[in-house]
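>>> All I have is the shape, not the residue letters:
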């Protein structure tokens, strides 16, 4: 090696390790996010107006995506005809609230909790990951 040149050792191993670690990270965040999604769903159920309980019962935790895009979410109003009107309004004397009245604001309150959860999972999985040791 000539003077002033730098040899990079272990780049291929590092790239493979990062890809393997990233493949583990998404499912780990999803698994940890299940509890947070359960909390958001519960708080949303408590906040929606209740006449029969149908709308509150429609608030569920859902699987989102699949494969590498797996995730967890919360939905409201599946098969409840009036859910959109209650959540967003826009007619018959109920003002339009584009971001919604119940689900989105409740989820938004948990944004910092999700960020912290994802950071903790990333740190934990990185700490436990069997990183390669490059050889010269």
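Everything's here; your move. Given the structure is predicted, the values throughout are model-derived calculations rather than measurements.
>>> So, low pLDDT: which residues of this protein?
Low-confidence segments of the chain, defined by pLDDT under 70: 1, 65-70, 136.
>>> The same query, at a cut-off of 90, please.
1-12, 26-27, 29-31, 63-72, 91-93, 133-136 (pLDDT under 90).
>>> what about the helices in it?
Remark: helices assigned in the chain by DSSP state H are 11-47, 54-57, 83-88, 103-109, 111-128.
>>> Any chance you could list what contacts stretch 71-81?
26, 30, 33-34, 37, 40-41, 44, 48, 54-55, 58-65, 83-84, 86-87, 102-103, 107 (C-beta atoms under 8 Å, 6 or more residues apart in numbering). C-beta here means a position set from N, CA and C on the backbone, and glycine is covered the same way.
>>> Can you give me the end-to-end span of that stretch?
For stretch 71-81, the first-to-last residue distance is 26 Å (C-alpha to C-alpha, to the nearest Å).
>>> Distance from the chain centre to that stretch, please.
Remark: stretch 71-81 is offset 15 Å from the chain centroid, using C-alpha atoms, centre = their mean, to the nearest Å.
>>> before we move on, what about stretch 116-135?
19 Å.
>>> Stretch 110-128 now?
11 Å.
>>> Any buried residues in it, and which?
By 16 or more other C-beta atoms under 10 Å, the buried positions in stretch 110-128 come out as 110, 114, 117, 118, 121, 125.
>>> returning to what we had before: would you format the helices of the chain as a markdown table with distance to residue 72 included?
Shown next, in a markdown table, are these (distance: least, C-beta to C-beta, whole Å):
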| stretch | distance to residue 72 |
| --- | --- |
| helix 11-47 | 5 |
| helix 54-57 | 19 |
| helix 83-88 | 20 |
| helix 103-109 | 12 |
| helix 111-128 | 10 |
